[in-house]
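S.K.: Here is a sequence with its predicted model. Questions after.
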Amino acid sequence: MKRITLLGATGSIGSQAVELIEEYNQHFTLEAISANTNITKVEAILKKHDVKIVVMAKKYESRVKKAKPGCTFYPLESDGLIRCIKDLSDTVVLNALVGSVGLEATLEGIKNNQDILLANKESLVVGGPLILSALEHSTSKLIPIDSEHAALRECLKGRSVQDIEKLVITASGGSFRNLSVAELENVTVDDALKHPNWSMGKKITIDSATMMNKVFEVIEAHYLFGVSYDRIEAIIHKESIVHGIVHFKDGNVLAHIGPSDMRIPILSAMKGDDSLRYHSAFDLLTKGSLHFEKLDRRRYSLFDLGIAVARKNGMHVVTMNAANEIAVERFLNHEIRFVDIERLIVRCLDHFENHIPLTLENIKKHDESVRAYARHLEI
């Protein structure tokens, strides 16, 4: 029986993980959860699961304890995530948090030799070198849940990273993939949230439309598989059926094919080496043709900017991530236009210094500074 600490239990990935834990209850138990503000979902989870620890904002403590008497409650404001992970150091940590807040939790789990099932790509984006260093002194395994990285991991089973010639990550193109650059000037939030293939959280859906999500995935692949940026490519694949491709030095090419169903990589990460049956209705014969296109650098100009920032290393990646989080938040709140997301990120990159030592404390301080600046920046 695998015991799971689930961070971000009420989001898109977290909710699907909860459903899988319920479906495969002979194999998994839910030991702890964290959430932001969705107390209604938390109460529903607590009715079905014998959760030991809940981490939320302090104001929800009474409702949590009423729903699950006897459980331990840790406030998010008082290092609740870290205290939870320390208390349950014999569990697997599924990190489905959104944003750079997930980095410290990932590092704490690695410190405790816990396996990390990582859906929080920002952990590696802003703190990749710290995570790699921590893994050198830990028995933890870092298992990706992103569909693209889970696909690449499947393709690499039985093969060495040294055999890799190139990694290819596919992109749907997002909600506005059929619009011109000029047409992006007047798109709405409602339009942006209508992803053609995937059902995802709001932030990742916007990141998919700007292609920032693919920037993060390239950075994540760089750290996960130890492959240089020169050998990681992103291409447009509108059907979202091929999730990752590995070109090997011996000429062989392996592609991972499957439905647009995040439960598959979530279950794959949770089950580890166990063999569990998943009922998928996927039938390749009904899919018709598959199409692949070069990523239009003019249409998705944020992609090249993001990769250029990643190549520089240093604190600019933290700047970019924090600025992006605030820009997306402001767009969703109707404060800025869709096209202003990139403009806000560029302004922040121009404003903040890159050459700051990459430590957890420095990352946290810098992240706060960028957010404060970006929140009040006029575009």
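M.R.: Nice, I can see it. As the structure is a prediction and not an experimental result, all values here were calculated from the model.

S.K.: mind exporting stretch 162-171 as CSV, just the C-alpha atoms?
M.R.: Only the C-alpha atoms of stretch 162-171 are listed here, as CSV (Å, rounded to 0.1, in the frame of the first residue of the first chain):
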residue,chain,number,x,y,z
GLN,A,162,23.8,8.8,-23.2
ASP,A,163,22.0,7.2,-26.2
ILE,A,164,19.9,10.3,-26.8
GLU,A,165,20.4,12.3,-29.9
LYS,A,166,17.4,14.6,-29.5
LEU,A,167,14.3,15.0,-27.4
VAL,A,168,11.1,16.3,-29.0
ILE,A,169,8.3,17.8,-27.0
THR,A,170,4.9,18.3,-28.7
ALA,A,171,2.7,21.3,-28.3
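
S.K.: and that stretch, which residues are buried?
M.R.: I164, L167, V168, I169, T170, A171 (16 or more other C-beta atoms under 10 Å). Quick note: C-beta positions are derived from backbone N, CA and C, even for glycine.

S.K.: any idea which of these is closest to R375?
M.R.: A171 (28.8 Å; C-beta to C-beta).

S.K.: From A151, how far out is that closest one?
M.R.: 13 Å (C-beta to C-beta, to the nearest Å).

S.K.: next one: M270
M.R.: With C-beta to C-beta as the criterion, M270 and A151 are 16 Å apart.

S.K.: of those two, who's got more company?
M.R.: Set side by side, M270 and A151 show more neighbours around A151, with 26 against 22, by other C-beta atoms under 10 Å.

S.K.: That one - that's part of a strand, no?
M.R.: No: assessed with DSSP: H, G, I helix; E, B strand; the rest coil, A151 is helix; it does not lie in a strand.

S.K.: just checking, it touches G244?
M.R.: Yes: using C-beta atoms under 8 Å, A151 is in contact with G244, at 3.3 Å.

S.K.: any shared contact partners between those two?
M.R.: The contact sets of A151 and G244 overlap at H256 (C-beta atoms under 8 Å, 6 or more residues apart in numbering).

S.K.: which residue ranges form the strands in the stretch 51-200 of the chain?
M.R.: 53-56, 72-75, 92-95, 116-118, 142-144, 164-171 (DSSP state E, counting those that start in this stretch).

S.K.: could I get those as a markdown table with distance to A44 and mean pLDDT?
M.R.: What follows is those, written out as a markdown table (distance: least, C-beta to C-beta, whole Å; pLDDT from 0 to 100):
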| stretch | distance to A44 | mean pLDDT |
| --- | --- | --- |
| strand 53-56 | 13 | 98 |
| strand 72-75 | 17 | 97 |
| strand 92-95 | 18 | 98 |
| strand 116-118 | 22 | 98 |
| strand 142-144 | 27 | 97 |
| strand 164-171 | 34 | 97 |
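
S.K.: Out of these, the one nearest A372 is which?
M.R.: strand 72-75 (22.5 Å).

S.K.: Could you list the buried residues of the closest one?
M.R.: Within strand 72-75, the residues that count as buried by 16+ other C-beta under 10 Å are T72, F73, Y74.

S.K.: Same question for stretch 74-82.
M.R.: Y74, L76, G80, L81, I82.

S.K.: Can you tell me which of those residues is nearest I266?
M.R.: The closest of those, once distances to I266 are taken by C-beta to C-beta, is L81, at 19.9 Å.

S.K.: pLDDT of stretch 260-268, averaged?
M.R.: Per-residue pLDDT over stretch 260-268 has a mean of 93.

S.K.: what's the answer for stretch 338-355, then?
M.R.: For stretch 338-355, the per-residue pLDDT averages 96.

S.K.: can I get the CA coordinates of it in PDB?
M.R.: Only the C-alpha atoms of stretch 338-355 are listed here, as PDB (Å, rounded to 0.1, in the frame of the first residue of the first chain):
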ATOM      1  CA  PHE A 338      -3.400  38.800 -23.600                       C
ATOM      2  CA  VAL A 339      -0.600  40.400 -25.600                       C
ATOM      3  CA  ASP A 340       0.500  42.400 -22.500                       C
ATOM      4  CA  ILE A 341       1.700  39.200 -20.800                       C
ATOM      5  CA  GLU A 342       4.900  39.100 -22.800                       C
ATOM      6  CA  ARG A 343       5.400  42.800 -22.500                       C
ATOM      7  CA  LEU A 344       5.100  42.600 -18.700                       C
ATOM      8  CA  ILE A 345       7.700  39.800 -18.600                       C
ATOM      9  CA  VAL A 346      10.100  41.700 -20.800                       C
ATOM     10  CA  ARG A 347       9.800  44.800 -18.600                       C
ATOM     11  CA  CYS A 348      10.600  42.700 -15.500                       C
ATOM     12  CA  LEU A 349      13.600  41.100 -17.100                       C
ATOM     13  CA  ASP A 350      15.000  44.500 -18.100                       C
ATOM     14  CA  HIS A 351      14.400  45.800 -14.500                       C
ATOM     15  CA  PHE A 352      16.000  43.000 -12.400                       C
ATOM     16  CA  GLU A 353      19.600  41.800 -12.100                       C
ATOM     17  CA  ASN A 354      20.500  38.300 -13.200                       C
ATOM     18  CA  HIS A 355      23.800  37.700 -11.300                       C
END
